[in-house]
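Enquirer: Okay, structure incoming, though there's no sequence with it:
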């Protein structure tokens, strides 16, 4: 049964997300149960140049699965759970010819097939297919590896390809020094809300405001996501766009992509910063950053210059907002039609997916 929309399609008439979406445990669990329908960032192919086995702890809360990426002749996404007693097989990235559980020594090929198990010679009807590691859906676009469901995948990739397909993302290099993990005392959706509007930049991010032309900041909506385009102020770092780019001639400082539910891919002249939003509980969220560098000479410059400072400023705001929406005096607000189109789009997707089956 299709339920009437909670968020009006006309942003001029709409009220924002009810506070219960940020505060109720039952609703939080219901929303999280739909996350496996969507696709999620797993890794970049450059990470497999050093290690052919990469665990994906960032997806455990999101998908309810412990997973690994492996590479031999083929790249695969496999269960990271030993089929003997459930121990995690790989707890850190490594470069090995086989997978071996450190608990009781069960080994697997890199394609997930069980290879050997000590002290099991007398076990009847062993091994069977259930002793192999489960393989999960995996897709690769321009060097970025995704796993999870199919929801919105085609429309998102079409958008990425048409807008930034000219970027040599597959040649970017993984920079481990740019990896971060932050735990914040706020609901995951509040973090997404904050990301999806540049409205707060002059009030919260002074340094970033000096780099970006606030009046030219642009938000575009597409099925399953939002693109925010930051235009550089005069003299600030921007992309050297090819003529094939639909933005050729513009001073683009950053492309900020959000993909439902909690994937953020931020493209700067130096490369790509990925934010993975991982809900822990109704009022606690982990944010994981991964950095992939394409042009080292651009590091530390422009809109992507000091991401740690921007993150700290956002966290302070989001945590204070969590306390605010938890107050009995707050229920819903209104949207700015000119500045909060992205937030409105997110709320429409979230409430529809919660009340209806995609």
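Expert: In hand now; what should we look at? On a predicted model such as this, the values are computed, not experimentally measured, just so you know.

Enquirer: Could you pull out the helices in the stretch 1-150 of the chain for me?
Expert: Secondary structure of the stretch 1-150 of the chain (DSSP state H, counting those that start in this stretch): helices at 20-23, 25-32, 60-63.

Enquirer: I'd like to know how far residue 198 sits from residue 166.
Expert: Distance of residue 198 to residue 166, given as CB to CB, to the nearest Å: 24 Å. Bear in mind the C-beta positions are built from the backbone N, C-alpha and C, glycine included.

Enquirer: for residue 249, that is, sorry about that
Expert: 14 Å.

Enquirer: the more surrounded of these two?
Expert: When neighbours are counted by other CB atoms under 10 Å, residue 249 and residue 166 differ, and residue 166 comes out ahead with 15 against 8.

Enquirer: Show the contacting residues for the more buried one.
Expert: Contact analysis of residue 166 by CB atoms under 8 Å, 6 or more residues apart in numbering lists 241, 242, 244, 245.

Enquirer: Farthest pair within the residues you listed?
Expert: 241 and 244 (8.6 Å; CB to CB).

Enquirer: Compare the two (neighbour count), which wins?
Expert: For the pair residue 241 and residue 244, the greater number of neighbours falls to residue 241 (16 against 8), based on other CB under 10 Å.

Enquirer: so the more buried one touches residue 247, yeah?
Expert: Yes. With contact defined as CB atoms under 8 Å, residue 241 counts as touching residue 247 (5.7 Å).

Enquirer: Straight-line length of stretch 325-343, end to end?
Expert: Taking CA to CA, to the nearest Å, stretch 325-343 runs 16 Å from one end to the other.

Enquirer: cool, stretch 236-252 as well?
Expert: Terminal-residue distance, stretch 236-252 (CA to CA): 10 Å.

Enquirer: Kindly report the same for stretch 333-340.
Expert: First-to-last residue span, stretch 333-340, CA to CA: 12 Å.

Enquirer: now stretch 51-67
Expert: Start to finish, the residues bounding stretch 51-67 are 15 Å apart (CA to CA).

Enquirer: Summarise which helices and strands the top helix by length along the chain is packed against.
Expert: Ordering each helix of the chain by length in residues (DSSP state H) puts helix 307-325 first. When contacts are defined as 3 or more CB pairs under 8 Å, 6 or more residues apart in numbering; DSSP states H and E, helix 307-325 packs onto helix 20-23, strand 173-184, helix 188-195, helix 201-204, helix 206-211, strand 284-293.

Enquirer: 7 Å instead?
Expert: Helices and strands touching helix 307-325, by 3 or more CB pairs under 7 Å, 6 or more residues apart in numbering; DSSP states H and E, are helix 20-23, strand 173-184, helix 188-195.
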